[in-house]
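# Need a 3D model of the following:
(one chain, ligands or ions: 1)
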Amino acid sequence: MTFIQVSCNDCGNETTIFARSTTVIACNVCSRTLTSPSSGRAKLIGCKVVETLE
Ligand SMILES: [Zn+2]
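Now for the predicted structure:
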């Protein structure tokens, strides 16, 4: 399993998400949509990767 630590583009809050998440994940601070599911992996749409955690 791979997790990725991401930083919200709007507020900078960092959160750890499952790289193959198949659900929409929203920032828990500002509610911006961070990822949307795409072909079995999370597509980052509102955040950037800080670190990949294997
Ligand atoms: Zn945010």
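# and the nearest residue to residue 40 once chain neighbours are set aside, how many residues sit next to it?
The shortest distance from residue 40 to any non-neighbouring residue, by C-beta to C-beta, 6 or more residues apart in numbering, is to residue 20 (6.2 Å). In this view, the C-beta of every residue, glycine as well, is placed from N, C-alpha and C. Other residues near residue 20 number 13, with proximity taken as other C-beta atoms under 10 Å.
# is it true that residue 20 touches residue 39?
No: between residue 20 and residue 39 there is no contact under C-beta atoms under 8 Å: 10.0 Å.
# Which residue ranges of this structure form strands?
Listed in chain order, the strands of the chain (DSSP state E) span 3-8, 14-18, 25-26, 33-38, 41-44, 47-53.
# now those strands in JSON lines, with mean neighbour count?
Formatted as JSON lines, the strands of the chain follow (neighbours: other C-beta atoms under 10 Å):
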{"stretch": "strand 3-8", "mean neighbour count": "19"}
{"stretch": "strand 14-18", "mean neighbour count": "15"}
{"stretch": "strand 25-26", "mean neighbour count": "18"}
{"stretch": "strand 33-38", "mean neighbour count": "17"}
{"stretch": "strand 41-44", "mean neighbour count": "16"}
{"stretch": "strand 47-53", "mean neighbour count": "13"}
